[in-house]
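**Student:** Generate coordinates for the sequence data below:
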Amino acid sequence: MKDCKVRLKNGTIITGDEFDTNDFLKLKEIFKKWLNINADLKSLKGRGLNVPDVFSEALFCIAFDAVRTNNDPGARSYDCVIKATGEGVQVKSASISTDCTSFGPTSTWDLLYYADFAPNGYVDGNVWFYKIDSDDVYGLILNNKKNETFADQQAQGRRPRFSIQSSIIRKKGLKPIKKMSLVD
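**Tutor:** I've put the predicted structure just below:
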């Protein structure tokens with residue numbers, strides 16, 4: 001991993017983390033350790049750990065030629081930035097089929113991607129990436145009684161929560177735009 005400067009669409013230059021083949025090999029090793037930790041936790045009747053943010057974001061960067069913003073103050077709420085276009089990306093992920101994804105009240109993005117670590121119903125080393133249309137998110141009704149949308153909840157300073165898999169991916173029949181394997 002090395003530092004990489006990238007220009008956002010608005011012209012701001014930020015410094016992010018650029019990942020390479022060696023980092024991908026390291027991520028594959030981390031994946032094995034994560035599986036082992038989760039197995040140990042489950043043997044004690046506990047829950048498995050969520051997908052670590054650096055894990056899903058680094059894999060996204062490798063797959064889509066992006067850099068991880070790593071909380072650069074100029075990057076707003078972007079997790080990653082596409083090097084070629086300067087588009088800011090939010091990466092959401094889950095390792096269970098009943099995900100509940102939350103967004104900050106001021107979260108913004110140019111592009112939204114979902115990394116599914118259990119595309120076959122369980123964690124098997126496959127990671128499928130889906131591109132999520134922002135209009136499908138902002139217009140999504142999250143509270144039927146109040147006819148409240150995602151955008152409404154953000155405007156109220158709340159953290160909208162919903163299942164990207166059931167509310168968008170399965171409902172719209174989306175297909176992954178990229179697939180990776182962490183076990184080959």
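
**Student:** So which residues make contact with the longest helix along the chain?
**Tutor:** As assigned by DSSP state H, the longest helix anywhere in the chain is helix 21-43. Contact with helix 21-43 is made by 1, 47-49, 52, 55, 58-59, 62, 123, 125, 182-183, as judged by Cβ atoms under 8 Å, 6 or more residues apart in numbering. Using the backbone N, CA and C atoms, a C-beta is placed for each residue, glycine as well.

**Student:** Can you classify the closest residue to residue 18 other than its chain neighbours by secondary structure?
**Tutor:** Counting by Cβ to Cβ, 6 or more residues apart in numbering, residue 18 lies nearest to residue 4, which is 3.7 Å off, once chain neighbours are set aside. Under DSSP: H, G, I helix; E, B strand; the rest coil, the three-state class of residue 4 is strand.

**Student:** Residue 4: neighbouring residues, count only.
**Tutor:** Per other Cβ atoms under 10 Å, the neighbour tally for residue 4 reads 17.

**Student:** list the contacts for it?
**Tutor:** Taking Cβ under 8 Å, 6+ apart, one finds 15-18, 67, 83 in contact with residue 4.

**Student:** now do residue 112
**Tutor:** Counted by Cβ under 8 Å, 6+ apart, residue 112 has contacts 89-90, 92, 131-134, 137.

**Student:** No further queries at this time; thank you.
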